[in-house]
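**Q** Need coordinates for the below:
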Amino acid sequence: MKPTGANLAQEIKFAKLLCGDLSEFTLHALQELLQRHQISVISGDVRYLGGGWHITHSGCAKHRGNQ
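**A** Here you go, the predicted structure:
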């Protein structure tokens, strides 16, 4: 199930709480990642490390299950 607008807003808000100030480009990249792969920052599927978004092991498993 793809994230709805409200869910996406919650995901973005949570990402900002975890990571602090994120650029518009970084937030757009996160939004695309969440929508395309049906994963979640809140669930721990994605982490922001070294200036980029990385899918965790749980995120890979969830994505693989959705295919």
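
**Q** In stretch 20-34, which of the residues would be classed as buried?
**A** Within stretch 20-34, the residues that qualify as buried by neighbour count (16 or more other CB atoms under 10 Å) are 22, 26, 30, 31, 33, 34. Any C-beta I mention is one placed from the backbone N, CA and C, and that applies to glycine too.

**Q** and the fourth one, what does it touch?
**A** Contacts for residue 31 (CB atoms under 8 Å, 6 or more residues apart in numbering) come out as 8, 12.

**Q** tell me which element it falls in.
**A** Taking DSSP states H and E as the definition, residue 31 sits inside helix 24-37.

**Q** Then residue 9?
**A** When elements are defined using DSSP H and E, residue 9 is found to belong to helix 5-19.

**Q** tell me what that helix is packed against?
**A** Helices and strands touching helix 5-19, by 3 or more CB pairs under 8 Å, 6 or more residues apart in numbering; DSSP states H and E, are helix 24-37, strand 46-49.

**Q** Let's have those in JSON lines, adding mean pLDDT and distance to residue 8.
**A** Supplementary listing: those in JSON lines, determined by pLDDT from 0 to 100; distance: least, CB to CB, whole Å:
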{"stretch": "helix 24-37", "mean pLDDT": "94", "distance to residue 8": "6"}
{"stretch": "strand 46-49", "mean pLDDT": "95", "distance to residue 8": "13"}
